[in-house]
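> After the sequence you'll find the predicted model.
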Amino acid sequence: MEDFSVFVGLSRPTVSKYFNDPNSVRKTTREIIEAAVKQSGFRPNIFAVNLNRRRSNILGLIVPNSTDPFYMALTRRIEGIAEQAGYLAFVLSSDGKPELEERALETFKSMNIAGAIIAPLGVQSLHEKLAKLGEAIPVIYVDSPLDATSPFVGTNNRQSFKLIIDYLTRSGDEPCYFGMTPVNSNALERREAYSEAMEDLNLEPRFLVPEAHANWEFEKFAFDATVQILREGGFPTRTVLCANDRLAYGVLSAVYQAGLKVGRGEGCDIRIAGHDDQPLSRYMCPPLTTVAQNYNEIGRLAIELLFDKLGENQDSKTELPANSRILLNAEIKLRMSA
């Protein structure tokens, strides 16, 4: 920056002011700097700039699996809004491992980020380190909360399971439940939501798969478990409700290979439903009946909450709750699989 200031013939504070906000300097000054940038190819080191600032314009985003379509959609939404507001969203993945989540936290601390949006690992998360980060900068949790009081935006699992179980029981056999591996708090919460919804209808909950080691290979886990279930006599009912769509993909594949016909129509052997409405769900064979999480709204409201805590929301028309916890209702997507 010092070298560029000499090159352009302006003071260091003026040049810094331009790079912080081009509209904060006079038009003639802006034109001189922009011509010099074009001629020299100079770009400020954003990380060095942020280390030197009292207020960073970098936001941290940690997801547990960067290849999961849900987190890809969420990340894209948050990055877009951050860019429009003049922030850079820096994304790291914990890859389902607590040691990588810890390393991501340390990286963000060294970058002097302004705030963070985190989809935590949940039971495997280092709660003390996450809580300590939340004391230093604003942190919003998405998908699964860190605890009962942390600022959070996600789906109302109890509403979503009640919605799809009500439909499934009215239109066919009562659903048995294919649960998630315990990768985060959603695994337990969705299991409880299924159980409550069944009991409200005076039906006995039927759980299929014993607890497994926590991992994000949902499709393989579900495929292998379904092969075993079919080998041992099949599902207890003709309707299977999966805790997420990725599990349903594995079940669908195993059922297809076993020669069973999936769907609600005449001649069908089994119905399969999911939860989340992953982008591929509508293109499965048959297309998957599921309940849709609103990825766009989760991302938008998470960054709105973060901006609010950063004092950036003066012009926002969104009414945010005082406790900073937002649960969004899901919408049922009726397709051929159920």
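The structure has been received and is ready for your questions.
> quick one: contacts for F152?
Contact analysis of F152 by C-beta atoms under 8 Å, 6 or more residues apart in numbering lists I140, Y141, V142, P145, L146, S324, R325, I326. The C-beta positions use only the backbone N, C-alpha and C, and glycine is treated the same way.
> could I get the residues you listed as TSV with secondary structure, distance to D269 and pLDDT?
Shown next, in TSV, are the contacts of F152 (DSSP: H, G, I helix; E, B strand; the rest coil; distance: C-beta to C-beta, whole Å; pLDDT from 0 to 100):
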residue	secondary structure	distance to D269	pLDDT
I140	strand	44	95
Y141	strand	41	94
V142	strand	38	94
P145	coil	39	85
L146	coil	42	81
S324	coil	47	87
R325	strand	42	92
I326	strand	40	94
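> Between which two of these is the distance greatest?
Greatest spatial distance in those: L146 and I326, 14.8 Å, computed using C-beta to C-beta.
> show me what contacts R30?
Applying C-beta under 8 Å, 6+ apart to R30 gives the contacts Y18, P22, N23.
> my read is it is in a helix, agree?
Yes: the assignment for R30 (DSSP: H, G, I helix; E, B strand; the rest coil) places it in a helix.
> Quick check: it vs V37, distance?
The spacing between R30 and V37, counted by C-beta to C-beta, to the nearest Å, is 10 Å.
> coming back round to it: most surrounded residue in the contacts of R30?
Y18 (21 neighbours; other C-beta atoms under 10 Å).
> helices or strands up against the helix or strand where it lies?
For Y18, the host element (DSSP states H and E) is helix 12-20. Identification of packing neighbours for helix 12-20 by 3 or more C-beta pairs under 8 Å, 6 or more residues apart in numbering; DSSP states H and E yields helix 2-8, helix 27-40.
> So for that helix, what gets flagged as buried?
If you call a residue buried by 16 or more other C-beta atoms under 10 Å, then helix 12-20 has these buried ones: T14, V15, K17, Y18, F19.
> who are the neighbours in contact with the fourth one?
By C-beta under 8 Å, 6+ apart, the contact list for Y18 reads S24, V25, T29, R30, I33.
> how much space is there between the closest residue to the first one other than its chain neighbours and P321?
It refers to S24. The shortest distance from S24 to any non-neighbouring residue, by C-beta to C-beta, 6 or more residues apart in numbering, is to K17 (5.3 Å). K17 is 37 Å from P321, where distance means C-beta to C-beta.
> what's the answer for G250, then?
37 Å.
> same thing with G134?
The gap separating G134 from P321 is 17 Å, by C-beta to C-beta.
> Between the two, which is the more surrounded one?
G134 (18 against 10).
> Contacts only, for the more buried one.
G134 makes contacts with S150, as judged by C-beta under 8 Å, 6+ apart.
> Out of the buried residues of helix 12-20, show me where the pLDDT dips lowest.
The lowest pLDDT within the buried residues of helix 12-20 belongs to F19, which sits at 79.
> tell me which element the nearest residue to R282 once chain neighbours are set aside is part of?
Spatially, and ignoring its direct neighbours in sequence, R282 is nearest to R335 (6.8 Å; C-beta to C-beta, 6+ apart). Assessed by DSSP H and E, R335 sits outside every helix and strand.
> Ok, D166 next?
Using DSSP H and E, D166 falls in helix 157-171.
> Report the buried residues of that helix.
N157, R158, S160, F161, K162, L163, I164, I165, Y167, L168, T169.
> Same question for stretch 262-280.
Residues of stretch 262-280 classed as buried by neighbour count (16+ other C-beta under 10 Å): 262-264, 268, 270-278.
> Any chance you could list what contacts stretch 190-203?
With C-beta under 8 Å, 6+ apart as the test, stretch 190-203 has contacts from 157-158, 160-162, 165-166, 169, 174, 177, 179-180, 204-205, 207, 241, 243-244, 275.
> switch to 10 Å and redo it
Residues outside stretch 190-203 that contact it (C-beta atoms under 10 Å, 6 or more residues apart in numbering): 155-166, 168-170, 174-180, 182, 186, 204-207, 211, 241-244, 275.
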